[in-house]
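Trainee: fold the following, please.
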Amino acid sequence: MTSEIVIIGGGVIGLAIAIELKLRGTNVTVFCRNFQAAATHAAAGMLAPDAENIPNGAMRSLCWRSRALYPDWTHKLEELTGLNTGYRPCGILTPFFEESRGAGEQGSRRASLSPSSSSSSPSPAYWLNKEAIHQYQPGLGAEVVGGWWYPEDAQVDNKALAHVLWTAAESVGVKLKDGITVEAFLQQQGQVVGVQTNAGVIRAAHYVLASGAWSNELLPLPVLPRKGQMLSVRIPEFASELPLKRVLYGQDIYIVPRRDRLIIGATSEAVGFTPNNTPEGIQTLLQAAIRLYPQLKHYPIQEFWWGFRPATSDELPILGTSYCQNLTLATGHYRNGILLAPVTATLIADLILEQKSDPILSNFHYSRFQSQPSTSTPMLTHSANFSNGYHPAISPQHPPFPVQDSPLIIAGKTFQSRLMTGTGKYRSIEEMQQSVAASDCQIVTVAVRRVQTKAPGHEGLAEALDWTKIWMLPNTAGCQTAEEAIRVARLGREMAKLLGQEDNNFVKLEVIPDLKYLLPDPIGTLQAAEQLVKEGFAVLPYINADPMLAKRLEEVGCATVMPLASPIGSGQGLKTTANIQIIIENAGVPVVVDAGIGSPSEAAQAMELGADVLLINSAIALSPNPAAMARAMNLATVAGRLAYLAGRMPIKDYASPSSPLTGTITS
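Mentor: Below you'll find the model as predicted:
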């Protein structure tokens, strides 16, 4: 399946962007893992940039801009669908229980509503003393001593809006695919070349990540789920009119009146994707709501629910370009996803279709979370002691290269180093530790069977490395059948959990019945890979350099392919260059050249072919100075990658002088 633009995420942000793009003439497909699970359904629908007293100037300006778009935006949606969004410019009331806090808040809120360099004139706000606020909204708790009235804040019925957006998207021709889970981005040379889904690989010209709290599962973005519990109470039948006419935004509580019920929310809990309502959460909400508006304690409870808001560490969204030229980010909206939907749709559509980046987007770029400017290559550090006294004359701080490279992403996990190493064949644990450190690798492969049986050289291996800094790649070395490999892979996943890597589902799949040449069994490898993928493993299969097998393994869902350069442990170098080149040209997943590399020059050559990663063990472990060789392999990997990205000069059949002959002085 192909589409011009693919949007990952079917919540209010994803649908709003999809509609805007479609109305501007593009073909758009939206992938939604579960429409009913989107945070949109779990919200209250407040449009409250003033009542929330947002401290960040750029965020406040963005919210004001979006709130100003709401009347026309919802009118357009209602015209497209004939449905009502429940938009009401009703204003919001923020009561306070303590006079001192109210007076203090008065000054701070006035300051927060002053104009900023990136905003228009501020919204008006009015302070109501005790008498005025109780007259304005009867029934408030006796402890309420005053509050602010924000007349320009509003509300929308979040569930109605979600339904209207879905219907509007259908009506304008957006392709909506519910029940589709995007599992990984497939990247090559700074471009997304497809997305791996539970329905196969999908390709498009451009991609938008708008998957909310689930964004971190696809890219290393600091977006984490923040659970919010909510409930509603039903307006009693004896009430002649709606008793609560204003949205109340109190201290850690809000009450939103609808036609026949009151919405009460919301907790904010950093509990991951832990589902369900809890007695403590609901009790906390009810106590705060009853204190604010006491008569609701007599109202019948109608419904409980919860949802997952996408929160960033600074509680600001991530909007704009990414490190891939054809991937745009629109996530991390936290409590303001519904409010920011119209402005996000406009800004993202302008960015994608017109290459017009609004200056305000610079405040929400993902790069703000990076502690230092990213470089095009991994940082080179020499943390190991070299026993022969040799230290590479390489500064760990490189100047920026005029070459753009993307991070290595395997099964949604990002790595900077493109060199993997192994733990076998070393003369001692100490040499292995020094070599791993010298290589600057981030992935180390471990033979599950040898660790479990404490084979020679593997005693204490699990304790020898810092697994908080190194990602374990369990391998099924020693398995001769698919059945054995599947069983050992399951053990490897449990071993990773015991070492603290709870989410590690990686496995290097080896099925090798040939004990002389150690060549992998293609049929057994494919059978084992199919089963392990079904069980949720990120499978990295070790194979002969067979382009057809590589493609088949990719199609069944493997995270990489790992063709051998020459027989494992042979040190023969690149003997399968032509086939590896074909695999690289046709692969939609990272290609790891594994086995047979014997020297740094061969490592560089493999990377120059376009390989994404190298896995090297024997050449390092069997060197007289393993740590120095590990460093050399690191440098060769980086050099080969840079050479591939830079591009080789053309080969000619004749000489071409380095200095031009024209303009030279003649004798």
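Trainee: so the closest residue to Thr576 other than its chain neighbours is in which element?
Mentor: Excluding the flanking residues, the one nearest Thr576 by CB to CB, 6 or more residues apart in numbering is Ala545, at 3.6 Å. Yep, even glycine has a C-beta here, placed from its N, CA and C like the rest. Assigned by DSSP states H and E, Ala545 belongs to no helix or strand.
Trainee: which stretches of the stretch 51-200 of the chain form helices?
Mentor: Along the stretch 51-200 of the chain, counting by DSSP state H, counting those that start in this stretch, helices occupy 57-81, 99-112, 130-136, 158-172.
Trainee: neighbours of Pro317, how many?
Mentor: 24 (other CB atoms under 10 Å).
Trainee: same check, this time on Pro236
Mentor: What Pro236 shows, counting by other CB under 10 Å, is a neighbour count of 12.
Trainee: same deal with the one 10 residues further on?
Mentor: Using other CB under 10 Å, Arg246 has 20 neighbouring residues.
Trainee: ok, it touching Pro257?
Mentor: Yes - using CB atoms under 8 Å, Arg246 is in contact with Pro257, at 7.4 Å.
Trainee: tell me the pLDDT at the residue nearest to Pro151 when sequence neighbours are not counted?
Mentor: Closest residue to Pro151 apart from its sequence neighbours, by CB to CB, 6+ apart: Gly91 at 4.3 Å. Per-residue confidence (pLDDT) for Gly91: 93.
Trainee: what do you get for Thr2?
Mentor: As predicted, Thr2 sits at a pLDDT of 52.
Trainee: returning to what we had before: so the residue nearest to Pro151 touches Tyr150, yeah?
Mentor: Yes - because the distance of 6.1 Å satisfies CB under 8 Å, Gly91 is recorded as touching Tyr150.
Trainee: quick one: which of these two has more around it?
Mentor: With neighbours defined as other CB under 10 Å, Gly91 and Tyr150 compare such that Tyr150 has more, 25 against 19.
Trainee: so who does that one touch?
Mentor: Going by CB atoms under 8 Å, 6 or more residues apart in numbering, Tyr150 touches 48, 50-51, 91-94, 123-125.
Trainee: hey, what's it bridged with?
Mentor: Ile92 (DSSP bridges).
Trainee: for Met46, give its distance to Arg427.
Mentor: Distance, Met46 to Arg427, by CB to CB, to the nearest Å: 66 Å.
Trainee: more neighbours, these two?
Mentor: Set Met46 next to Arg427 and count neighbours by other CB under 10 Å: Met46 wins out with 25 against 11.
Trainee: next up, the contacts around that one.
Mentor: 92, 153, 155, 247, 249, 254, 256, 338-339.
Trainee: in strands, which of the residues you listed appear?
Mentor: Of these, the ones assigned to strands by DSSP state E are 92, 155, 247, 249, 254, 256.
Trainee: which residue packs closest to the fifth one, ignoring adjacent ones?
Mentor: I take that to be Tyr254. The shortest distance from Tyr254 to any non-neighbouring residue, by CB to CB, 6+ apart, is to Gly265 (5.9 Å).
Trainee: what's the most buried one of the helices of the stretch 51-200 of the chain?
Mentor: helix 158-172 (a mean of 20; mean count of other CB atoms under 10 Å).
Trainee: pLDDT averaged over that helix - what is it?
Mentor: Taken as a whole, helix 158-172 has a mean pLDDT of 95.
Trainee: elements contacting that helix?
Mentor: With contacts taken as 3 or more CB pairs under 8 Å, 6 or more residues apart in numbering; DSSP states H and E, helix 158-172 sits against helix 12-23, helix 57-81, strand 175-178.
Trainee: weakest of those in terms of mean pLDDT?
Mentor: Among these, strand 175-178 scores lowest, with a mean of 93.
Trainee: mind listing what's buried in it?
Mentor: Buried residues in strand 175-178, counted by 16 or more other CB atoms under 10 Å: 175-177.
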